[in-house]
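# The following comprises the amino acid sequence and a computationally predicted model.
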Amino acid sequence: MQKLALIVRYETLPGKESEFDGIIRAHAKACLAEEPGCLRFEVLRPLDDDGRPMPGHFMASELFADEEALAAHRATPRWQRLNERFGQLLASRKPVLCVVRD
């Protein structure tokens with residue numbers, strides 16, 4: 001089995017930063033609690049050159065046990081609802097799927 005990492009960069013729409021922050025953090029917590037194949041889900045805030053969080057910018061670092069765990073993650077009703085909300089909250093979403101090299 002090969003672990004997969006999913007790194008996602010998000011940019012929120014104006015005025016939606018706080019709402020997105022709450023939703024993505026609740027999603028991360030639920031993934032870790034409810035999905036045995038989700039090994040890590042960290043919500044990150046990119047910093048500017050002065051060390052301040054970049055307004056409206058977030059990243060997620062997720063680790064899955066294998067392809068089946070990622071597929072199960074994407075099949076949850078919670079993910080389906082969140083994916084629909086993204087259209088109302090995000091200006092952009094850029095996921096990068098990676099193979100973990102041990």
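Sure thing, it's come through.
# hey, which helix is longest across the chain?
helix 17-34 (DSSP state H).
# what ranges do the helices span in the chain?
17-34, 67-75, 77-89.
# Including mean neighbour count, distance to Asp49 and mean pLDDT, could the ones you listed go into CSV?
Heads up, the C-betas are built off the backbone N, CA and C, glycines and all. Listed next are the helices of the chain as CSV, based on neighbours: other CB atoms under 10 Å; distance: least, CB to CB, whole Å; pLDDT from 0 to 100:
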stretch, mean neighbour count, distance to Asp49, mean pLDDT
helix 17-34, 15, 20, 97
helix 67-75, 15, 34, 96
helix 77-89, 12, 26, 93
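# Could you export the ones you listed to TSV, including columns for distance to Arg45?
Below are those laid out as TSV (distance: least, CB to CB, whole Å):
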stretch	distance to Arg45
helix 17-34	9
helix 67-75	22
helix 77-89	16
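# and of those, who's closest to Pro55?
Among the helices of the chain, the nearest to Pro55 by CB to CB is helix 17-34 (6.7 Å).
# Quick check: Glu42 vs Ala60, distance?
Per CB to CB, to the nearest Å, Glu42 is found 7 Å from Ala60.
# more crowded one of these two?
Neighbour comparison, Glu42 and Ala60: the larger count goes to Ala60, with 21 against 11 (by other CB atoms under 10 Å).
# beta partners for the closest residue to that one other than its chain neighbours?
Distances taken as CB to CB, 6 or more residues apart in numbering put Val8 closest to Ala60, at 4.5 Å, once the chain neighbours are dropped. Beta-bridge partners of Val8, counted by DSSP bridges, are Ala60, Pro95.
# wouldn't Val8 be in contact with Glu62 here?
Yes: assessed by CB atoms under 8 Å, Val8 is found in contact with Glu62 at 7.5 Å.
# Geometric centre of the protein: which residue is closest?
Ala60 (4.0 Å; CA atoms, centre = their mean).
# What pLDDT is listed against that one?
The per-residue pLDDT reported for Ala60 equals 98.
# My guess is it contacts Ile24. True?
Yes: Ala60 is within contact range of Ile24, at 6.7 Å (criterion: CB under 8 Å).
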